[in-house]
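J.: I'd like to go over a predicted model; first the sequence, then the structure.
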Amino acid sequence: MKRMNGVLATAAACLLWGAGPAQAESVELDVAQSTTSMASSITSSANPEAILRGKTSAVSATVLDQFGASMGGVSVSFSMVSGPGSIGPASGTTDSSGSASTTYAAPWNFPGKSILAVVRSCIVQNGLCSDVTITIRKH
């Protein structure tokens, strides 16, 4: 048995010598595995999820790679999908725990007793997005 660059797969090689019998030799081959992380999911959350008019809520986006590990250094954009209010900043970069954040600011005036605002977080690199809904109440 011959060892070649580590062991990840084994192959059998047969050699023929003239008219003599075939000799089998086991050879270990190194098969490279991809360890390059790619952003494959994003989840959004708001804290708190319900606020009074004129107050703020912290919106966080968490980015994970295809192996479920947190990804730092990923560009994330934030935008308002629906409802009143504003967000800032409109973009950020994930930290070592895979999180980027912005702040949602609720308006003082709006019709009715309560209203919903939806904030979207997207991975700039591949366009994957996640939404979070914030409830704004007058009282």
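T.: Cool, the structure landed. Since we're looking at a predicted model, the values are computed, not measured. Numbers count the residues shown, from 1 in each chain.
J.: lowest mean pLDDT among the helices and strands of this protein, which one is it?
T.: Across the helices and strands of the chain, mean confidence by mean pLDDT, DSSP states H and E is lowest for strand 9-15: a mean of 38.
J.: my guess is residue 114 meets residue 133, correct?
T.: No. Residue 114 lies out of contact with residue 133 (C-beta atoms under 8 Å); the separation is 11.8 Å. Where C-beta positions appear, they are placed from N, C-alpha and C, glycine not excepted.
J.: can you give me the strands for the chain?
T.: 2-3, 9-15, 23-29, 39-47, 50-52, 56-65, 75-82, 86-88, 91-93, 99-105, 114-123, 129-137 (DSSP state E).
J.: redo those strands as a markdown table? Include mean neighbour count.
T.: Formatted as a markdown table, the strands of the chain follow (neighbours: other C-beta atoms under 10 Å):
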| stretch | mean neighbour count |
| --- | --- |
| strand 2-3 | 10 |
| strand 9-15 | 9 |
| strand 23-29 | 12 |
| strand 39-47 | 17 |
| strand 50-52 | 16 |
| strand 56-65 | 20 |
| strand 75-82 | 17 |
| strand 86-88 | 14 |
| strand 91-93 | 14 |
| strand 99-105 | 19 |
| strand 114-123 | 20 |
| strand 129-137 | 18 |
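J.: just give me the lowest mean pLDDT stretch among these.
T.: Lowest mean pLDDT within the strands of the chain: strand 9-15, at a mean of 38.
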